[in-house]
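[1] below: sequence and its predicted model.
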Amino acid sequence: MDLELAQVIACFFSAEERRDTEAMSQCFADGAIVRDEGRSVQGHAAIQEWQLETKKKYQHTIQPLASAEKDGKTIVTARLTGNFPGSPVDLQFVFTIEAEKIVSLEIK
C-alpha cells in the first residue's frame, strides 16, 4: 500500500487482501460493529463470518486509494473489483478507532 494509514487500518486491508479472517478480526475491538449492505454484525466471530461470506459471494479485491480524517473518523476510499454488477466501484470505509483497535466500520 502506498497510502499512509493508521497501523490498525493497514492491518485490516492487508488481512483482507490475504483473506486471513483471523488476522482481520483481530484488528477489531471486542464488541466492534461492521455496517455493510444494510446490515450490522458485531463481535469477532460475526465479523469473521461477514468477511468469509462477502469474499465467497463477490470474490473481490480491495485497493485503498485515498484517506481523510473527519469528525474523529478515518475515511478510506477504496476500489472494489469483483463478481458483482458495476464492478469496479469506489466505496468509503469509515473507521472509528479507539485504543489502536477498530470499534466501528461502515462501508458505503
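    Received, thanks. Numbering: from 1, shown residues only.
[2] which parts of the longest helix belonging to the chain are buried?
    Taking DSSP state H as the criterion, the chain has its longest helix at helix 44-58. Going by neighbour count (16 or more other CB atoms under 10 Å), the buried part of helix 44-58 is 44, 47-48, 50-51, 54. Backbone N, C-alpha and C define where each C-beta goes, glycine included.
[3] mind giving me the packing neighbours of it?
    If you count contacts as 3 or more CB pairs under 8 Å, 6 or more residues apart in numbering; DSSP states H and E, helix 44-58 packs onto helix 21-25, strand 28-36, strand 39-42.
[4] go again with 10 Å.
    Using 3 or more CB pairs under 10 Å, 6 or more residues apart in numbering; DSSP states H and E, the elements in contact with helix 44-58 are helix 7-18, helix 21-25, strand 28-36, strand 39-42, strand 73-81, strand 101-107.
[5] helices and strands of the protein: which one has the lowest mean pLDDT?
    Least confident helix or strand of the chain, by mean pLDDT, DSSP states H and E, is helix 21-25 with a mean of 88.
[6] who are the packing partners of that helix?
    helix 7-18, helix 44-58.
[7] against which helices or strands is the shortest one packed?
    Using 3+ CB pairs under 10 Å, 6+ apart as the contact criterion, the elements in contact with helix 7-18 are helix 21-25, strand 28-36, helix 44-58, strand 61-70, strand 73-81, strand 89-98, strand 101-107.
[8] now do that helix: distance to the chain's middle.
    Taking CA atoms, centre = their mean, to the nearest Å, the mean C-alpha location of helix 7-18 is offset from the chain mean by 8 Å.
[9] so which bits of that helix are buried?
    8-13, 15-16.
[10] which of those residues lies closest to Glu98?
    Val8 (10.0 Å; CB to CB).
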